[in-house]
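J.: Have a look; sequence and predicted model below, questions after that.
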Amino acid sequence: MSATGKKRALMADDIRASKGGTPLVSLTAYTTPMAQMMDAHCDFVLVGDSVGMVLHGLPSTLGVTMEMMILHGQAVARGLTSAMMVIDMPFGSYEESREQAFRNAARLMSETGAGAVKLEGGVSMADTIAFLVARGIPVMAHIGLTPQSTNTLGGYKVQGRGAARDALIADAHAVTQAGAFAVVLEKVPATLADDVTAAVDIPTIGIGASAGCDGQILVVDDMLGLFTAFKAKFVKRYAHLGETAEAAIATYADEVRNRAFPAAEHVFADEVPQT
Ligand code: KIV
């Protein structure tokens, strides 16, 4: 609670301080109703650039723009009161220079009210992370499988295997030293995720990593069974809302075609006619 008695939203420092405690709960959100549903259950909500694939039908996250992130960020912000909102920096909005990253991160935060940005990259982005943090922008890092680099990673493969293990550990240390308040570990072997979790003093947020991470995140449409174009092996479906929705649409279509759709006269039968 804040001094005004209103529940205050979690901030980057609260997330950082939870290292080693009760695991952090997080999901992505892109709309107000979904954000409202998760507000009481999540510590932070990510406006992920996965929105491009999940809601806009894009083949990857590479086509996501600042404008898309801002629009969805504003919608999510309207649905949150206690969970922290983190927003993804889209591909091309931060890699060119620290200054470009600051300009776009500041815009994302000021136009959406997000409490932090997330960006992809380890050692290569450490300098940028330090620049942002020194200028008031909390940064969540994202290492391992970084979907914006799918073209250089050769697809959506498991990362950090074999010789790549040391590079991933170096990435984790680099973003920690640069001042990131948490780090997402995507699609890395569980033993490696556990080692990284033990090695760094910021929370690790796993997605296809290990139950031993300091928190977990999933794409909400994946775990609800709403996005069915493909399913990563690590995704557990907690519901099958896509199937339920399609069945409901089919029932509606049948009712309309068979003239079984409830007629307006029945629905409004008890209303006094206006003269
Ligand atoms: O965009 C996204 O959804 C992400 C994940 C970590 C879930 O970055």
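T.: Structure received.
J.: From now on I want contacts and neighbour counts done on CA atoms only, so please keep to that.
T.: OK.
J.: so which residue of the protein comes closest to the ligand?
T.: Per Cα to the nearest ligand atom, residue 48 is where the chain lies closest to the ligand, at 3.3 Å.
J.: ok, how many other residues are close to that residue?
T.: By the measure other Cα atoms under 10 Å, the count of residues near residue 48 is 23.
J.: what sits against residue 223?
T.: Residue 223 sits next to 235, 236, 237, 238, 239 when contact means Cα atoms under 8 Å, 6 or more residues apart in numbering.
J.: which SSE is the second one in?
T.: So that's residue 236. Taking DSSP states H and E as the definition, one finds residue 236 inside no helix or strand.
J.: For it, which non-adjacent residue is closest in space?
T.: Closest residue to residue 236 apart from its sequence neighbours, by Cα to Cα, 6 or more residues apart in numbering: residue 223 at 5.9 Å.
J.: per-residue pLDDT, the residue of the chain closest to the ligand?
T.: Residue 48 is assigned a pLDDT of 98 by the prediction.
J.: Pop out the phi and psi values for it.
T.: Backbone torsions for residue 48, taken as degrees, to the nearest 10, come to phi -80, psi 150.
J.: Next: residue 122.
T.: phi -110, psi -110.
J.: And the helices in the stretch 101-250 of the chain?
T.: For the stretch 101-250 of the chain, the helices defined by DSSP state H, counting those that start in this stretch occupy 126-134, 150-153, 164-178, 190-199, 220-223, 241-257.
J.: I'd like to know which of those is closest to residue 53.
T.: Ranking the helices of the stretch 101-250 of the chain by distance to residue 53, with Cα to Cα as the measure, places helix 220-223 first at 10.5 Å.
J.: Any idea how far the one helix or strand residue 68 maps to is from the middle of the chain?
T.: Secondary structure assigned from DSSP H and E places residue 68 in helix 66-77. With Cα atoms, centre = their mean, to the nearest Å as the basis, helix 66-77 stands 12 Å off its chain's centre.
J.: I'd guessed residue 98 sits against residue 130; true?
T.: No. Assessed by Cα atoms under 8 Å, residue 98 is found out of contact with residue 130, at 9.1 Å.
J.: Looking only at neighbour counts, state which of those two leads.
T.: Between residue 98 and residue 130, counting by other Cα under 10 Å, residue 130 is the more crowded of the two (21 against 16).
J.: Who are the contact partners of the residue lying closest to residue 174 once chain neighbours are set aside?
T.: If the residues on either side of it in the chain are set aside, residue 174 comes closest to residue 123, at 5.3 Å by Cα to Cα, 6+ apart. Taking Cα under 8 Å, 6+ apart, we find residue 123 in contact with 170, 171, 174, 175.
J.: In a markdown table: those, plus pLDDT.
T.: Compiled in a markdown table, the contacts of residue 123 are given as follows (pLDDT from 0 to 100):
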| residue | pLDDT |
| --- | --- |
| 170 | 97 |
| 171 | 98 |
| 174 | 98 |
| 175 | 98 |
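J.: follow-up on the earlier one: got TSV for the helices of the stretch 101-250 of the chain, with distance to residue 35 too?
T.: Output for those, formatted as TSV (distance: least, Cα to Cα, whole Å):
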stretch	distance to residue 35
helix 126-134	26
helix 150-153	28
helix 164-178	28
helix 190-199	28
helix 220-223	10
helix 241-257	17
